[in-house]
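>>> Sequence and predicted structure below; questions after.
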Amino acid sequence: MRKIPLDKIRNIGVIAHIDAGKTTTSERMLYYTGKTHKIGEVDEGTTTMDWMVQEQERGITITAAAISCTWKSFHINFIDTPGHVDFTVEVERSLKVLDGAVVVFCGVGGVEPQSETVWRQADRYNVPRIAFVNKMDRTGGNFYAVVEEMEKKLGAHCAAIYLPYGKEAEFKGVINLIDEKLIIYKDEFGLVMEDRELPSDVLSDTEKYRNILIEKLAEVDDKIMEDYLHGKKISAIAIKEAIRKAVIGNKFIPVLCGSSLKNKCVQLLLDAVCDYLPSPIDVPSVKGTNPQTSDFEEITASDEAPFCALCFKIATDPYVGKIYYIRVYAGSLSTGEYVYNSTRRERERVAKIVKMHANRQEIIDSISTGEIAACVGLRETKTGDTLCNEKSQILIEAMRFPEPVIQQAIEPKSKDAQEKLGFALHKLEEEDPSFRVLYNQETGQTLIAGMGQLHLEIIIDRILREFNVEAGVGSPQVAYRETITKKISCTGKFIQQSGGRGQYGHVVLEMQPQEIPGSGIVFEDKIKSGAIPREFISSVKAGIMGSSKSGYLAGYPVTDILVTLVDGSYHEVDSSEMAFKMAGSIAFGDGLKKGGSILLEPIMDIEVTVPEDYMGQVIGDLSSKRAKIVSLSQRVNLRIIRANVPLAEMFNYATTLRSLTQGRATYIMEPLCYIEAPSHITEKIKMGFAATGTSVRKSF
């Protein structure tokens, strides 16, 4: 039986750049909704959302934490996501299943690099948003500059609905542009608010920015446009209705302001979440594919519809094992029922359903449309799998996860730890789709790959602490890639005679570079007149994909190539799947030799915030690392250096930057693209590969 009406549910995420105040804002939301009775502080390691030991020690969010709370008559499921680029996969999978998002910006830092990243992720999933400019009590906080940056850098169609009252340390409250009232906070915990008439000294600003708000709404709402053109007074109710409609349609972003640390304006943010962000029935229906007919179908958000949910995250609990986070798009599910995994084509039994409160569990009997919860007892399900009713099968589009850019070797310090290490790595790989475990056959090394040094540091720390495995790790290595530079034709033949039935496979491929970077290996079949039987085409593709895992130059994976199967031949008796798989592999290897193969190296986008006095040293150091300076800008008394730099040059940069600036500079870095490595780098890697026979050197 549904307890909460669908239109009263809000599934939201809190997303932002690192240190913008996401977790602090989330903690205040929990406090004001009565979920917690004491405000958790990031600096003290007492937050509810950052429950991992590593999060509390470092003061950063590493894993997205889900929690539910109630504000007025609304039920809010919200997820606090990481701001560090190394953990961007947590943002990606959260946005996939959320109906709306609160984007937090720092009032001093404005639109920072990771702000742009999470904004693009929200754009990709068409997630409606509201913006909250935090830290208005800080020196240098400039609300109007942040709104302007949102328009310029993000292309956001936005306008303020509240203005700050008082600057920096004198920040006392906000001006409500919709109701034309002043809201003042009277106590330390932000519990006592007082509505006042507007003072005369803010009337002109209020009128100016209220008109800007109405003009922005008029651009996306016909009724507001009509009233505005006829000079009619537009009521607060009409403005709120227009904002809600425009936000749900992803046409407008209302901007609020406040100070989460000083407990100001978080209640107004909760009101905005309920007033403007959509419920599960307000967003467009999720589309899926019928696995039996391959037709697209819409999933109706209704309890009466067949059950459909997406598993968007897997976590390991020390007491109950694996916990599977799901978002229910239709129907309902009760404990003990069976569901059908349409991705894996497996039946699964749900042993237990729990509501997650960060790392704490509340056992519930059932879950309905629009809700987010977790299941226990599933066996074959992976992140991104669709769970549905076996009689009404549907397949929701899976999530896309970024490829790792850095890897290093790991090995147990004793034979006893070998099995425990394998178990730990398997568990962590199931939890985190951006973490990969590889095995180098030639050297016998186990390699771990991730999104950055911090990502791998956290993984290694968890192996030591959670799984009690003593392991040695090698130096980080860059995950290079290989591709070709010209279009070529290549042939692969696999012929083997050994007295009985032989093996015969023959393929002709055309290979050419892909125009769009990051496309991977794309296989096309253009066989005509049955030169190769249809049943062998998939074997040719399998041979190509297997061969692409190790390139010609230095053994690195191959990417960005369009491979077209154009011709071949077969033998009625001797041809087999294995023969054509080998022929495909041989042809692909031949194509790499002919195609002018080059090595690609990962390029990072870095932003360094540095005091003016040290700017010359930092730019000089970046130039020595083959960096390309993209822009220089100023923020209060600091300089912002934006550059593109090879990842290979950036290991241990935090230490270098601290020593150059006496610890006064900070930086943020994220993957940008792959480009051709310089010839001297390529030659050095090729020589190392020729000498050792492996692309990753052992280093313990």
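Yes, it's here. Numbers count the residues shown, from 1 in each chain.
>>> roughly how far apart are the residue nearest the centre of the chain and residue 81?
Residue closest to the mean C-alpha point of the chain, counted by Cα atoms, centre = their mean, is residue 92 at 2.7 Å. Noted for residue 92: a distance of 9 Å to residue 81, by Cβ to Cβ, to the nearest Å. (C-beta placed from N, C-alpha, C; glycine too.)
>>> ok so, going back, for the residue nearest to the centre of the chain, what are its contacts?
121, 399-402 (Cβ atoms under 8 Å, 6 or more residues apart in numbering).
>>> which element is it on?
Using DSSP states H and E, residue 92 maps to helix 88-97.
>>> same deal with residue 409?
strand 406-412.
>>> Tell me the neighbouring strands of that strand, and mark each as parallel or antiparallel.
According to DSSP bridges, strand 406-412 forms sheet pairs with strand 445-450 (antiparallel), strand 471-473 (antiparallel), strand 477-478 (antiparallel).
>>> In terms of secondary structure, what does the helix or strand harbouring residue 13 contact?
Using DSSP H and E, residue 13 maps to strand 9-16. Contacts defined by 3 or more Cβ pairs under 8 Å, 6 or more residues apart in numbering; DSSP states H and E place strand 9-16 against helix 22-32, strand 74-80, helix 88-97, strand 100-106, helix 113-124, helix 266-276.
>>> I'd like the ones you listed as CSV, with distance to residue 454 appended.
Compiled in CSV, those are given as follows (distance: least, Cβ to Cβ, whole Å):
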stretch, distance to residue 454
helix 22-32, 17
strand 74-80, 18
helix 88-97, 12
strand 100-106, 20
helix 113-124, 13
helix 266-276, 29
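>>> Select, out of those, the one closest to residue 517.
For residue 517, the closest of the helices and strands packed on strand 9-16 is helix 113-124, at 16.2 Å, according to Cβ to Cβ.
>>> Tell me the helices and strands packed up against the closest one.
strand 9-16, helix 88-97, strand 100-106, helix 143-154, strand 666-676.
>>> Kindly reformat the ones you listed as CSV containing distance to residue 34.
Formatted as CSV, the helices and strands packed on helix 113-124 follow (distance: least, Cβ to Cβ, whole Å):
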stretch, distance to residue 34
strand 9-16, 16
helix 88-97, 24
strand 100-106, 19
helix 143-154, 29
strand 666-676, 35
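>>> out of those, which comes closest to residue 461?
helix 88-97 (17.0 Å).
>>> Show me which positions of that closest one end up buried.
88-97 (16 or more other Cβ atoms under 10 Å).
>>> What is the distance between the strand holding residue 409 and the centre of its chain?
24 Å (Cα atoms, centre = their mean, to the nearest Å).
>>> Just the C-alphas of that strand, formatted as PDB.
Extracted in PDB, the C-alpha atoms of strand 406-412 (Å, rounded to 0.1, in the frame of the first residue of the first chain):
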ATOM      1  CA  ILE A 406      46.100   5.500 -14.700                       C
ATOM      2  CA  GLN A 407      47.200   2.100 -13.500                       C
ATOM      3  CA  GLN A 408      49.700   0.500 -11.200                       C
ATOM      4  CA  ALA A 409      50.800  -3.000 -10.200                       C
ATOM      5  CA  ILE A 410      49.800  -4.700  -7.000                       C
ATOM      6  CA  GLU A 411      50.800  -7.900  -5.400                       C
ATOM      7  CA  PRO A 412      50.200  -9.600  -2.000                       C
END
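>>> I am finished for the moment; much appreciated.
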